[in-house]
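J.: quick one, what's the 3D model for this:
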Amino acid sequence: MATKRIRLIEIAHARSGDKGDAANVGVIARDDRFYPILLEALTEDAVKKHFEGICHGGVDRYELPNLGALNFILHNTLGGGGTVSLKNDAQGKTLSSAMLRMEIEIDEKLLQD
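T.: Sure thing, here's the model as predicted:
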C-alpha cells in the first residue's frame, strides 16, 4: 500500500469553539470513505501532541459515525475561558484551522476517487 502524507484539510473540515476553559473541536470527513481514516489517525494522544503547548489538560474524543465526524474536548486550553482569559483567542475559534494543519498518512488510492 502506497501512502502519502497530507494535511487533514484535504479530507476533512472542522469547527471549534469554547466550553469554559475547554476548547471544542469537531472534525467532519469530506466523504464517507475518509471517516475510517479519521478514526485511526485522530486518537486522543495524536490530537494532544498536535496541540502541545496549547492544550494543558487531557483530550476526550467522541465519535459520531452517523455524521462521519469526531468531536474533541481539549481541557485546560483557553486560559480560564472567554470571560477571564487574556489570550487572543479565548473562545478557541482558531483551533479548527490549527487542527486542519495536522499531517496524517493516507492510502494514495483513497485520494484518486
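J.: Arg5 contacts Met102, correct?
T.: No. With contact defined as CB atoms under 8 Å, Arg5 does not count as touching Met102 (10.9 Å). Where you see a C-beta, it was placed from the backbone N, CA and C, and this is true even at glycine.
J.: going along the chain, name the helices of the chain.
T.: If DSSP state H is used as the criterion, the helices of the chain fall at 35-41, 44-50, 95-100, 108-112.
J.: which helices and strands does the last one pack with?
T.: Yep, that's helix 108-112 we're talking about. Contacts defined by 3 or more CB pairs under 8 Å, 6 or more residues apart in numbering; DSSP states H and E place helix 108-112 against strand 3-7.
J.: contacts for the strand it packs on?
T.: With CB atoms under 8 Å, 6 or more residues apart in numbering as the test, strand 3-7 has contacts from Leu100, Arg101, Met102, Glu103, Ile104, Glu105, Ile106, Asp107, Glu108, Leu111.
J.: quick one, what contacts the fifth one?
T.: Counting by CB under 8 Å, 6+ apart, Ile104 touches Arg5, Ile6, Leu8, Ile37, Ala41, Leu42.
J.: ok, so of the residues you listed, who is nearest Gly20?
T.: The closest of these to Gly20 turns out to be Leu42 (CB to CB; 22.8 Å).
J.: and for that closest one, nearest residue in space, chain neighbours not counted?
T.: Distances taken as CB to CB, 6 or more residues apart in numbering place Leu70 nearest to Leu42, at 5.7 Å, with adjacent residues excluded.
J.: what is the neighbour count of the one you found?
T.: Leu70: 24 surrounding residues under other CB atoms under 10 Å.
J.: tell me what it is bridged to.
T.: On the basis of DSSP bridges, Leu70 is bridged to Val27, Glu63.
J.: next one: Asp18
T.: Listed by DSSP bridges, the beta-bridge partners for Asp18 are Ala23.
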